[in-house]
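Asks: sequence below, structure please.
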Amino acid sequence: MSSTDFDLRGPAFIHNPYPTYRAMRDRAPVWRDPYTGHVFITRYDDVLGILKDPRFGSNRINDRLKRVPDDVDVSRLVELLVDRLVMTDGSRHRDLRREVGSAFTAAKVRSYAQGTDAMVRQTFDSLREQDTLDVLNDLALPVPSRVILSVLGLPPRDHQKLRAWAEDFYLWLAHSPGDIGVRTQRAVDSIVQMSDYVDNELSALPSGTEGTYVARMATNLESGEMTHNEVTANLIGILNAAHETTSSLIANGTICLLEHPGELQRLIAEPDLIASAVEEMLRFESPSQIISRIATEEAEIDGVTIKPGVMVALVLGSANRDERVFVDPDSFDVNRNERQNLAFGRGSHFCTGGGLASLELVSVFRQLVPLLPKARIISGPVQWRPTPAFRSPRDLVIEFDSVAITIAEFGGDWYGQVPTADGSSHN
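Replies: Okay, the predicted model is just below:
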């Protein structure tokens, strides 16, 4: 294992981690962080291999707890983490996934398309009179919140407080800056509030919720198919993931298009490429940059022995830029035919909600792309959140040129009447 040192926390890395990833792939594809002892895996084939290897488990709770101050009671947090789908393996994972993933099968996701499009259109309708857009607060945060609450059968009015609770949890889960004691206490407080919220919803389901996902979870609880902690932990897990990951994807994808105006114009001319563009956004600026596994047996990766108990950091952001797999990987290409990105993971832990996230992204960018010609970021240079594990901007406010505001004129449906950068349109 290379003794080469890499800075994965400094401002230069946070701003642009990809040169560091390339250096790691070339010089130390299996690298031990001298500060944490975690082993970082950066090449595509190695990352994919570990994602499918049963010798690497997902229960990383003990590693997370190493950072927790002794004076903070995290017992409730631990109870819920133990029963989350993403922390389980083997037969228990398969059983939980069958129930937890019931709302996210391919057939179910297709059934959400019409409702998702309607919610996205309503959001854009409310923004018609604006010549600026706060991408995070006006779009990237509310849309995924409303969609997931609709899918689960929970009240849409609750999206703001659920979003705030999810943010507190992820700031603790990731290696974020700031006092770990303060972050831990906030995560505990938020998870307790979210747990109470889920309990209240399960115990007082209103009429009309029959057949919804939350009703199914209540039935599983009553029948003994799932325990109270399993139901609560996984409803919270779904809410957290839907808020964090999909919101980041919308923001990151917007940045990709604004920073690559040639590809933006290509989408305007060829709107059928939207689905392909979404895949490229997932590859090029993966929101989940690093996910973890723990070695349960001794394994060898690229000639390096990994002992049981060692935490392995799988760098998805690096794997998705691996020049051994992707042609010209640092170029953003909305018509890239290489669809094997690892943004949603792979193997038994492939992201349960990945299909829904992709559906939302396609719907959002079908509406957003016509607004972007001549748009510019006015919130200043993009400042990325200071954590290596998740990648998304702190804020993102854009201003439109008046000739580019076509949503009202074209009713949000620009197929066959495509706006151009000079404000004209063609069929």
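
Asks: helices and strands around the host helix or strand of Q193, which ones?
Replies: Per DSSP states H and E, Q193 falls inside helix 180-203. If contacts are counted by 3 or more Cβ pairs under 8 Å, 6 or more residues apart in numbering; DSSP states H and E, helix 180-203 sits against helix 75-82, helix 159-173, helix 213-223, helix 228-259. Just so you know, the C-beta spots here come from the backbone N, C-alpha and C atoms, and that holds for glycine as well.

Asks: nearest to T116, of these?
Replies: Closest approach to T116 among the helices and strands packed on helix 180-203 is made by helix 228-259 (11.0 Å; Cβ to Cβ).

Asks: tell me the buried residues in the helix or strand following the closest one?
Replies: Next along the chain after helix 228-259, taking DSSP H and E as the criterion, comes helix 261-269. For helix 261-269, burial by neighbour count (16 or more other Cβ atoms under 10 Å) applies to 263-264, 267-268.

Asks: circling back to that earlier point, buried sites along the helix holding Q193?
Replies: Quick answer for helix 180-203 (16+ other Cβ under 10 Å): 183-188, 190-191, 194-195, 197-198, 201-202.

Asks: tell me which of the helices and strands packed on helix 180-203 sits most buried.
Replies: Using mean count of other Cβ atoms under 10 Å, the stretch among the helices and strands packed on helix 180-203 with the largest mean neighbour count is helix 228-259, at a mean of 23.

Asks: mind checking how far that one is from the chain centre?
Replies: Distance of helix 228-259 from the chain centroid (Cα atoms, centre = their mean, to the nearest Å) equals 5 Å.

Asks: now do that helix against helix 159-173, angle only.
Replies: 90 degrees (axes from the mean of the first three to the mean of the last three Cα atoms, to 10 degrees).

Asks: and helix 228-259 with helix 75-82, angle?
Replies: Counting by the same axes, to 10 degrees, helix 228-259 lies at 80 degrees to helix 75-82.

Asks: could you give the average pLDDT over helix 228-259?
Replies: Averaging the model's pLDDT scores along helix 228-259 yields 88.

Asks: one more: stretch 362-371?
Replies: Stretch 362-371 comes out with an average pLDDT of 93.

Asks: quick one: contacts for the most centrally placed residue in the chain?
Replies: Central residue of the chain (Cα atoms, centre = their mean): T245, 1.9 Å from the mean position. Residues in contact with T245 (Cβ atoms under 8 Å, 6 or more residues apart in numbering) are 287-288, 351, 353, 357.

Asks: assign a three-state SS to F13, would you?
Replies: Following DSSP: H, G, I helix; E, B strand; the rest coil, the label given to F13 is helix.

Asks: counting contacts, what elements does the host helix or strand of Q122 pack onto?
Replies: Using DSSP H and E, Q122 falls within helix 113-125. Using 3+ Cβ pairs under 8 Å, 6+ apart as the contact test, the elements touching helix 113-125 are helix 142-152, helix 354-368.

Asks: name the residues of the following helix or strand past that helix that are buried.
Replies: Downstream of helix 113-125, the next assigned helix or strand under DSSP H and E is strand 132-134. Burial within strand 132-134, assessed by neighbour count using 16+ other Cβ under 10 Å, is assigned to 133-134.

Asks: picking up where we left off before, can you tell me which of the contacts of T245 is nearest R216?
Replies: For the contacts of T245, the nearest to R216 is G353 (16.0 Å; Cβ to Cβ).

Asks: I figured the closest one hits A242, correct?
Replies: Yes - G353 is within contact range of A242, at 6.2 Å (criterion: Cβ atoms under 8 Å).

Asks: mutual contacts of these two, please.
Replies: Common contacts of G353 and A242 (Cβ under 8 Å, 6+ apart): I148.

Asks: ok so, going back, columns distance to D5 on top of the helices and strands packed on helix 180-203, output as CSV?
Replies: Shown next, in CSV, are these (distance: least, Cβ to Cβ, whole Å):
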stretch, distance to D5
helix 75-82, 31
helix 159-173, 25
helix 213-223, 47
helix 228-259, 28
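
Asks: who's in contact with L368?
Replies: With contacts defined as Cβ under 8 Å, 6+ apart, L368 is in contact with 124, 139, 254.

Asks: from R121, how far off is it?
Replies: 12 Å (Cβ to Cβ, to the nearest Å).
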